[in-house]
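S.K.: Based on what follows, work out the 3D shape:
(chains A and B)
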Amino acid sequence: GAGVSQSPSNKVTEKGKDVELRCDPISGHTALYWYRQRLGQGLEFLIYFQGNSAPDKSGLPSDRFSAERTGESVSTLTIQRTQQEDSAVYLCASSPAPTVAYEQYFGPGTRLTVT
Amino acid sequence: AQTVTQSQPEMSVQEAETVTLSCTYDTSESDYYLFWYKQPPSRQMILVIRQEAYKQQNATENRFSVNFQKAAKSFSLKISDSQLGDAAMYFCAYKGNNNDMRFGAGTRLTVKP
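M.R.: Predicted coordinates:
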């Protein structure tokens, strides 16, 4: 079946503009994660959604970052008033269930460049 | 808080040879999972192998195997008969009871023909 998809693949924006990144999880996956990967570094957790429960926003770096997800469908990550330090690859992952046993399936990421 | 450390920023191996990538982690939890993910230039994170902490037997997936030392909190990945297609960034990851998965900084593996 189809994997996790993300759009756009690449996004170049000017400092101060808002951007919206999209993630389509694997159908039936209840858990969805957003990560940020700066150049040459590992993944930083941003936010987690599980079904209709309140999201875990503990990883969001500032109030300029927000994310939404309706039920078990598409999620959008919004970055307001982008800064150059926001330049990174943003990865989305989904999982069949939130329990520790399940692996996360990753999308190809969106490379964001803030000029 | 759980942390994952990969002390080798870069590793190199000759094609057909064996290489071991190191990973250590810190946790106070007893129930957790450890993962190795591969990230080629395409950016797609691909699961290589998974280890349940409660299992003493080391996980194996074809040419990939792990050496899991729970007391030492060590989780190394061994790649046997290395192939050109194994060249990628490799990330060690920890998943406990928190919602997020903790990743190491990664090891860039180069395979020489």
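S.K.: Show me the residue sitting in the middle of chain B in space.
M.R.: In chain B, the C-alpha closest to the average C-alpha coordinate belongs to B:W36, at a distance of 3.4 Å (C-alpha atoms, centre = their mean).
S.K.: Oh, that last question was meant for chain A, not what I typed.
M.R.: A:W34 (3.1 Å).
S.K.: Please determine how far that one is located from chain B.
M.R.: Per C-beta to the nearest C-beta, to the nearest Å, A:W34 is found 10 Å from chain B. All C-beta atoms are positioned from the backbone trio N, CA, C, and that covers glycine.
S.K.: and chain B, which residues reach chain A?
M.R.: Proximity of chain B to chain A, by C-beta under 8 Å from any C-beta of the partner chain, involves residues B:4, B:6, B:31-33, B:35, B:37, B:42-47, B:50, B:52, B:91, B:95-97, B:99-106.
S.K.: again, 6 Å this time
M.R.: Contact residues (C-beta under 6 Å from any C-beta of the partner chain) of chain B with chain A: B:33, B:43-45, B:47, B:91, B:95, B:99-100, B:103-106.
S.K.: For PyMOL, write the selection for the buried entries among the residues you listed.
M.R.: Buried residues within these, by 16 or more other C-beta atoms under 10 Å in any protein chain shown, are selected in PyMOL with:
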select buried, chain B and resi 33+43+44+45+91+95+99+100+103+104+105+106
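S.K.: Mind listing what's buried along stretch A:6-19?
M.R.: Neighbour-count burial for stretch A:6-19 flags A:6, A:11, A:13, A:19 (criterion: 16+ other C-beta under 10 Å).
S.K.: How about the contacts made by the third one?
M.R.: Applying C-beta atoms under 6 Å, 6 or more residues apart in numbering or on different chains to A:T13 gives the contacts A:19, A:82, A:114.
S.K.: State the pLDDT value of it.
M.R.: On pLDDT, A:T13 comes in at 97.
S.K.: ok, now the last one?
M.R.: At A:V19, the model reports a pLDDT of 98.
S.K.: Just the residues contacting stretch A:70-79, thanks.
M.R.: So stretch A:70-79 is in contact with A:19-24, A:30, A:32, A:34, A:64-69, A:86, going by C-beta under 6 Å, 6+ apart.
S.K.: how about the strands of the chain, start to end?
M.R.: Chain wasn't specified; assuming chain A. For chain A, the strands defined by DSSP state E occupy A:5-7, A:10-13, A:19-24, A:31-37, A:43-50, A:65-69, A:75-79, A:88-95, A:105-106, A:110-114.
S.K.: Chain B is the one I meant
M.R.: In chain B, the segments counted as strands under DSSP E are B:3-5, B:10-14, B:19-21, B:24-26, B:33-39, B:46-52, B:60-61, B:64-69, B:74-79, B:88-95, B:101-103, B:107-112.
S.K.: Any idea how many residues pack against B:T20?
M.R.: 15 (other C-beta atoms under 10 Å in any protein chain shown).
S.K.: Hmm, B:S80 and it touching each other?
M.R.: No - using C-beta atoms under 6 Å, B:T20 is not in contact with B:S80, being 9.9 Å away.
S.K.: gap between the helix or strand bottoming out on mean pLDDT in chain B and the chain center?
M.R.: Of all helical and strand segments in chain B, the minimum by mean pLDDT, DSSP states H and E falls on strand B:101-103, at a mean of 89. Mean C-alpha position of strand B:101-103 versus that of the full chain (C-alpha atoms, centre = their mean, to the nearest Å) differs by 12 Å.
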